[in-house]
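Asker: Okay, predicted coordinates and the sequence, questions at the end:
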Amino acid sequence: MSGVNLKTYAENTWCPGCGNFGILRAFEMAVEELSSEIPLENFVIASGIGCHGKIVDYINLNSFYSIHGRALNNLEGMRLINDKLVCVGFVGDGDIYAEGISHLIFAAKRNANLTAIVHDNRSYSLTTGQFTPTSPSHFKGKSTPEGPPEDPMNPVLLMLSAGATFVARGFAGDIPHLKELIKAAIKHKGFSFIDVLQPCVTFYNTFAYYRKHCYKLEEAGHDPTDFNAAVERAREWDYSADTEDARIPIGIFYQVEKPTYEERV
Ligand SMILES: Cc1ncc(C[n+]2csc(CCOP(=O)(O)OP(=O)(O)O)c2C)c(N)n1
Ligand code: SF4
């Protein structure tokens, strides 16, 4: 290991046991392991607004908070004017699948050269547990005590159809696996997307459920160059009900090389 120290002086205010700690650790490890190839000063990390957003306070790299849902388009602009930058956006499921949804779709459509890491806890957690676009039908939040009156979206399927050139799902409870996904996403030329299943222990604690139901695509013989196979795997779990027979694939669904936005601009 390189001895890279990414710690900051900021006090960590996440709830003990929050899935965000797994994402933070996986990212730190990924950066440490990439530090022989990528100078630390080339990283720019940005966040949306929410519990997830605090992650930029806890990592000693160039960073900023965007406004809600706008981390990715800020990074897109920075990368267009400086192609040395390695841009990573940490965004929330409420943040980017609701407020920022158009920016996410267009970053994928354009193949903008950046990485999006979604802390998908399926809850607006900083604001105390309202339903988001990925909350299941049985999610009982304060604003919807009987559950959301609409079905959740499937962000992996959405990113495949929007043209993303790297589409993955990780689990914050499997740090070594998530670290490898983050490294692969950062090394990918073009838009890379990781939906990270991030249990919120306070408003929607899914740790035990994901531990039981996740399986790894690479161990199941999945070919990430096969778009149709990726779509099929993406549809395997539909987010709408966390049933006992669910199988939740994690790993790289799809990866292809295409010209990036900056190359075409
Ligand atoms: C434009 C805008 N709308 C609403 C808010 C209020 N707000 C702050 S954090 C937040 C919830 C964020 O939820 P999510 O993105 O899922 O992140 P989490 O807290 O779960 O990590 C909301 C609605 C805001 N700051 N700006
Ligand atoms: S409210 Fe949920 S997402 Fe926010 S810090 Fe606590 S456990 Fe984590």
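Answerer: That came in fine, so what should we check first? Note that the coordinates shown come from a computational prediction; the quantities given were computed from them, not determined experimentally. Ligands and ions are numbered 1, 2, ... in the order given.
Asker: For the stretch 101-250 of the chain, what lies in contact range of ligand 2?
Answerer: Within the stretch 101-250 of the chain, the residues that sit near ligand 2 (C-beta under 6 Å from any ligand atom) are 121, 125, 200-203. Any C-beta I mention is one placed from the backbone N, CA and C, and that applies to glycine too.
Asker: quick one: which of these is nearest ligand 1?
Answerer: Proximity of those to ligand 1 (C-beta to the nearest ligand atom) peaks at residue 125, which lies at 3.4 Å.
Asker: correct me, but that closest one touches residue 203?
Answerer: Yes: contact criterion C-beta atoms under 8 Å: residue 125 and residue 203 qualify, at 5.3 Å.
Asker: more neighbours, the two?
Answerer: With neighbours defined as other C-beta atoms under 10 Å, residue 125 and residue 203 compare such that residue 125 has more, 28 against 22.
Asker: element containing residue 76, please.
Answerer: Element membership of residue 76, judged by DSSP states H and E, is helix 71-81.
Asker: Check which helices and strands the helix or strand following that helix sits against.
Answerer: Sequence-wise, the next helix or strand downstream of helix 71-81 (DSSP H and E) is strand 86-92. Judged by 3 or more C-beta pairs under 8 Å, 6 or more residues apart in numbering; DSSP states H and E, the packing partners of strand 86-92 are strand 43-47, helix 71-81, strand 115-120.
Asker: So which residues of the stretch 151-265 of the chain form strands?
Answerer: In the stretch 151-265 of the chain, the strands defined using DSSP state E, counting those that start in this stretch lie at 166-171, 192-197, 214-216, 248-255.
Asker: Ok, which of the ones you listed comes nearest residue 237?
Answerer: Comparing the strands of the stretch 151-265 of the chain by their distance to residue 237 (C-beta to C-beta), the top pick is strand 248-255, with 4.6 Å.
Asker: Pull the closest one out as PDB, backbone CA atoms only.
Answerer: Output in PDB follows, covering the C-alpha atoms of strand 248-255 (Å, rounded to 0.1, in the frame of the first residue of the first chain):
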ATOM      1  CA  ILE A 248     -30.000  -9.200  -6.800                       C
ATOM      2  CA  PRO A 249     -27.100  -9.100  -9.200                       C
ATOM      3  CA  ILE A 250     -24.000  -7.000  -8.200                       C
ATOM      4  CA  GLY A 251     -21.000  -6.400 -10.400                       C
ATOM      5  CA  ILE A 252     -20.500  -4.900 -13.900                       C
ATOM      6  CA  PHE A 253     -23.600  -5.400 -16.000                       C
ATOM      7  CA  TYR A 254     -22.300  -3.700 -19.100                       C
ATOM      8  CA  GLN A 255     -19.100  -2.100 -20.400                       C
END
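Asker: tally of neighbours for the closest residue to residue 140 other than its chain neighbours?
Answerer: The shortest distance from residue 140 to any non-neighbouring residue, by C-beta to C-beta, 6 or more residues apart in numbering, is to residue 147 (6.1 Å). Other residues near residue 147 number 14, with proximity taken as other C-beta under 10 Å.
Asker: Make sure residue 147 is actually in contact with residue 241.
Answerer: No: counting by C-beta under 8 Å, residue 147 sits too far from residue 241 to count as a contact (10.3 Å).
Asker: any residues in contact with both of those two?
Answerer: Shared contacts of residue 147 and residue 241, defined by C-beta atoms under 8 Å, 6 or more residues apart in numbering, are found at 137-138.
Asker: one step back: now, of the helices and strands packed on strand 86-92, which is deepest in the fold?
Answerer: strand 115-120 (a mean of 28; mean count of other C-beta atoms under 10 Å).
Asker: What pairs with that one, parallel or antiparallel?
Answerer: Here strand 115-120 has these sheet partners by DSSP bridges: strand 86-92 (parallel), strand 192-197 (parallel).
Asker: The lengthiest helix in the chain to strand 192-197, inter-axis angle?
Answerer: As assigned by DSSP state H, the longest helix anywhere in the chain is helix 20-34. Here helix 20-34 runs at 150 degrees with respect to strand 192-197, directions being taken by axes from the mean of the first three to the mean of the last three C-alpha atoms, to 10 degrees.
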